[in-house]
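Q: pasting a predicted model and its sequence here:
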Amino acid sequence: MKKDILVNSTDFETRVGILEDGRLVELMSVRRDERRIVGNIYKGVIKTVLPGMQAAFIDIGLDGKAAYLHSSDIGKQYDRDDDDDDDQEAPAEIVRKHRRQGIETVLKRNQEILVQVIKEPISTKGARIATEISIPGRYVVLVPNDDHIRVSKRIMNWGEKKRLRKIIEDLRPEGFGVIVRTEGEGKLEHDFKTDIKRIMKLWAKLKRKADTAPAPVLIHQEEEMIVSMIRDIFTADVERLVCDNKEDYKKIISYARQVAPEMRKKVQLYKGDLPLFDQYGIEQEIDKMLDRKVWIRKGAYLVIDQTEAMVTIDVNTGRFVGGRDQENTILQVNMEAAREAARQIRLRDIGGLLICDFIDMYNRDNRRRLFEEFKSCFKNDRAKRAINPVTEFGLIEMTRERVRMSHMHHLSEPCPYCAGLGRVASKETMATKIERWFQRANADGKLKEFHLAVNPLLAETMTGNGINRLNRVMKNFRFRINLVRDTTIPIQEYKIYNAENNEEITERFKV
């Protein structure tokens with residue numbers, strides 16, 4: 001599989017696109033007035049401890065919005081029985097111990113605490129934080145106040161895992177856990193030694209600040225996206241990285257020279273006349289990210305709906321009729337849909353609970369093949385996830401790590417007319433609402449003359465089609481109503497004025 005990275009920068013936004021075999025599968029973007037805070041380390045003050053929720057709210061200095069700390073995100077250093085722990089105790093055992101103790105036994109109000117952001121603030125929710133600090137390097141991640149050695153699950157060779165553990169056992173700093181990243185596969189001892197030395201120097205610097213600075217305060221800010229991108233996604237399997245900004249190009253070359261000199265030859269500066277993303281045909285893909293309907297090959301399509309609790313993806317055969325074998329036709333559609341659904345989930349950065357509703361198949365082997373195909377499409381996905389097999393109703397349920405807002409929320413905002421519903425009241429519904437407004441005004445009995453301002457399309461519904469509904473209102477209630485056609489008023493709105501003084505009285509008789 002061919003993997004490329006494109007970096008597009010303007011004065012207001014930086015975008016990074018990851019392509020697999022020429023197709024866009026992942027997009028990261030940050031605007032000038034934004035800064036992602038995942039990975040940032042803060043010294044905070046505990047404001048509230050809630051035993052019933054097994055959670056605490058911490059002031060870390062983010063615009064008055066407290067960060068959220070759950071008991072499962074409390075590290076080993078806050079365990080009261082830490083001195084008696086077995087050195088080999090697993091993180092899951094530590095979590096269970098905290099749950100037995102209760103969060104109120106380890107955290108107190110007004111206590112100062114060092115935390116790291118693990119999830120961006122989303123909507124009205126504050127950032128999610130953890131007390132277990134992790135500092136990433138190119139090949140390893142160091143975890144202060146820990147003593148475990150872990151190797152990336154993506155390194156599949158057990159012999160290589162054993163070799164890496166042996167190297168890290170000799171290099172592991174006292175009081176630190178070490179996680180070997182996927183990029184560490186095949187690397188030599190001196191590579192890890194240099195990486196660990198660089199991280200330890202950074203830790204010493206931020207530890208000095210944490211010991212002296214008054215809380216709440218930012219202790220360490222995660223690298224800007226260009227640098228963190230090189231560290232996290234500019235890996236050995238990338239064939240080339242193309243950048244269209246000279247300053248960013250210099251940053252990438254400079255950083256690569258320090259951490260991965262062999263990668264410099266893969267970095268290219270784009271000098272074409274067309275915008276970079278247009279040149280590679282992916283700008284159109286980005287524009288389609290907000291579309292509810294996504295067409296796939298052979299005339300079938302997906303419908304993607306995002307609700308408060310989950311995201312649903314529905315598969316439809318559309319214009320695809322297939323051959324004579326119905327089960328085989330459905331399998332073909334489902335397999336294409338599985339590949340495109342997986343791509344859209346990664347591309348839109350959808351997290352949380354997802355339900356994919358495939359077309360029902362009766363053959364168990366076909367359902368198993370569909371599940372394996374869908375699961376394999378996420379092998380390069382960097383987000384944590386869990387995928388369940390196809391149910392008898394043709395559903396695949398999955399959860400995917402949500403670290404930040406999806407691109408749907410990042411690139412769009414709720415419709416001011418439908419408030420995110422996706423539908424608005426029909427013209428007939430609005431006409432009936434207006435009739436009921438005048439019915440309430442008649443019950444009040446104080447006014448008899450009105451100006452009614454509506455969209456011309458709604459005006460046509462009220463006066464056309466051979467039934468003049470407005471005349472009926474005037475006849476039934478003995479009102480005088482002057483109809484005003486106003487193109488600036490949305491179809492699902494109307495304005496009513498007192499004809500005597502032109503005072504707007506729309507709200508007076510609304511429900």
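A: Now that the structure is in, tell me what you want to look at. Numbers count the residues shown, from 1 in each chain.

Q: helices and strands of the chain: which one bottoms out on pLDDT?
A: helix 91-101 (a mean of 50; mean pLDDT, DSSP states H and E).

Q: tell me the helix or strand right after that one.
A: Using DSSP states H and E, the next helix or strand after helix 91-101 towards the C-terminus is strand 112-119.

Q: immediately after that following strand, which helix or strand?
A: Once the chain leaves strand 112-119, the following helix or strand, as judged by DSSP H and E, is strand 128-130.

Q: by contact count, what packs against that next one?
A: Packing partners of strand 128-130 (3 or more C-beta pairs under 8 Å, 6 or more residues apart in numbering; DSSP states H and E): strand 67-70, strand 112-119. Glycine gets a C-beta too; all of them are placed from N, C-alpha and C.

Q: could you rerun that using 10 Å?
A: strand 41-50, strand 55-59, strand 67-70, strand 112-119 (3 or more C-beta pairs under 10 Å, 6 or more residues apart in numbering; DSSP states H and E).

Q: neighbouring strands of the second one in the sheet, and parallel or not?
A: Strand 55-59 sits in its sheet next to strand 41-50 (antiparallel), strand 67-70 (antiparallel), going by DSSP bridges.

Q: out of the ones you listed, flag the one nearest residue 129.
A: For the strands paired with strand 55-59, proximity to residue 129 was assessed by C-beta to C-beta; strand 67-70 is nearest, at 4.6 Å.

Q: tell me the mean pLDDT over the closest one?
A: Summarised as a single mean, pLDDT over strand 67-70 is 90.

Q: run the chain-centre distance for that strand.
A: 18 Å (C-alpha atoms, centre = their mean, to the nearest Å).

Q: equivalent analysis for stretch 472-480, please.
A: 54 Å.

Q: ok, stretch 140-154 next?
A: That offset, for stretch 140-154, works out to 26 Å (C-alpha atoms, centre = their mean).

Q: enumerate the positions of that stretch that are buried.
A: For stretch 140-154, burial by neighbour count (16 or more other C-beta atoms under 10 Å) applies to 140-152.

Q: about what we covered before: any chance of the helices and strands packed on strand 128-130 in JSON lines, plus distance to residue 175 and mean neighbour count?
A: Shown next, in JSON lines, are these (distance: least, C-beta to C-beta, whole Å; neighbours: other C-beta atoms under 10 Å):
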{"stretch": "strand 41-50", "distance to residue 175": "17", "mean neighbour count": "19"}
{"stretch": "strand 55-59", "distance to residue 175": "24", "mean neighbour count": "23"}
{"stretch": "strand 67-70", "distance to residue 175": "22", "mean neighbour count": "22"}
{"stretch": "strand 112-119", "distance to residue 175": "14", "mean neighbour count": "21"}
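
Q: out of these, the one nearest residue 407 is which?
A: The nearest among the helices and strands packed on strand 128-130, by C-beta to C-beta, is strand 112-119 at 16.3 Å.

Q: which helices and strands does the closest one pack with?
A: So strand 112-119, by 3+ C-beta pairs under 10 Å, 6+ apart, packs with strand 41-50, strand 55-59, strand 67-70, strand 128-130, helix 189-212, strand 217-220.

Q: going along the chain, name the helices of the stretch 301-450 of the chain.
A: Ranges of helices in the stretch 301-450 of the chain, per DSSP state H, counting those that start in this stretch, are 326-348, 364-376, 407-411, 427-444.

Q: what's the third one packed up against?
A: When contacts are defined as 3+ C-beta pairs under 10 Å, 6+ apart, helix 407-411 packs onto strand 23-31, helix 283-287, strand 301-306, helix 326-348.

Q: deepest of the ones you listed, which one?
A: helix 326-348 (a mean of 20; mean count of other C-beta atoms under 10 Å).

Q: then it to PDB, C-alphas only?
A: What follows is helix 326-348, C-alpha atoms only, in PDB (Å, rounded to 0.1, in the frame of the first residue of the first chain):
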ATOM      1  CA  GLN A 326     -29.500 -12.100  -4.700                       C
ATOM      2  CA  GLU A 327     -27.300 -13.200  -1.800                       C
ATOM      3  CA  ASN A 328     -24.100 -12.600  -3.900                       C
ATOM      4  CA  THR A 329     -25.400  -9.200  -5.000                       C
ATOM      5  CA  ILE A 330     -26.000  -8.100  -1.400                       C
ATOM      6  CA  LEU A 331     -22.500  -9.400  -0.400                       C
ATOM      7  CA  GLN A 332     -20.900  -7.300  -3.100                       C
ATOM      8  CA  VAL A 333     -22.700  -4.200  -2.000                       C
ATOM      9  CA  ASN A 334     -21.900  -4.800   1.700                       C
ATOM     10  CA  MET A 335     -18.200  -5.400   1.000                       C
ATOM     11  CA  GLU A 336     -17.900  -2.100  -1.000                       C
ATOM     12  CA  ALA A 337     -19.900  -0.400   1.700                       C
ATOM     13  CA  ALA A 338     -17.700  -1.700   4.500                       C
ATOM     14  CA  ARG A 339     -14.600  -0.300   2.800                       C
ATOM     15  CA  GLU A 340     -16.100   3.100   2.200                       C
ATOM     16  CA  ALA A 341     -17.800   3.300   5.700                       C
ATOM     17  CA  ALA A 342     -14.400   2.600   7.300                       C
ATOM     18  CA  ARG A 343     -12.800   5.300   5.200                       C
ATOM     19  CA  GLN A 344     -15.500   7.800   6.000                       C
ATOM     20  CA  ILE A 345     -15.200   7.000   9.800                       C
ATOM     21  CA  ARG A 346     -11.400   7.700   9.700                       C
ATOM     22  CA  LEU A 347     -11.700  10.700   7.300                       C
ATOM     23  CA  ARG A 348     -14.500  12.400   9.300                       C
END
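
Q: distance from the chain centre to it, please.
A: 22 Å.

Q: what inclination does that helix have with respect to helix 364-376?
A: 20 degrees (axes from the mean of the first three to the mean of the last three C-alpha atoms, to 10 degrees).

Q: what mean pLDDT does helix 326-348 have?
A: Mean predicted confidence for helix 326-348 is 89.

Q: between that helix and strand 301-306, how many degrees?
A: Using the same axes, to 10 degrees: helix 326-348 against strand 301-306 is 40 degrees.

Q: in CSV: the helices and strands packed on strand 112-119, plus distance to residue 412.
A: Formatted as CSV, those follow (distance: least, C-beta to C-beta, whole Å):
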stretch, distance to residue 412
strand 41-50, 30
strand 55-59, 29
strand 67-70, 25
strand 128-130, 23
helix 189-212, 37
strand 217-220, 30
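
Q: can you tell which of the ones you listed is closest to residue 5?
A: Using C-beta to C-beta, the helices and strands packed on strand 112-119 put helix 189-212 closest to residue 5, at 21.4 Å.

Q: and residue 262, how many residues sit next to it?
A: Residue 262 has 8 neighbouring residues, counting by other C-beta atoms under 10 Å.

Q: pLDDT below threshold where in the stretch 1-150 of the chain?
A: Low-confidence segments of the stretch 1-150 of the chain, defined by pLDDT under 70: 33-34, 64, 77-101, 123.

Q: now stretch 390-402: how far from the chain's centre is it?
A: 18 Å.

Q: can you pull out the helices in the stretch 151-300 of the chain?
A: 158-171, 189-212, 225-232, 246-259, 276-279, 283-287.

Q: quick one on the thing from earlier: so which of the strands paired with strand 55-59 comes closest to residue 406?
A: Across the strands paired with strand 55-59, closest to residue 406 is strand 67-70 (C-beta to C-beta), at 19.2 Å.
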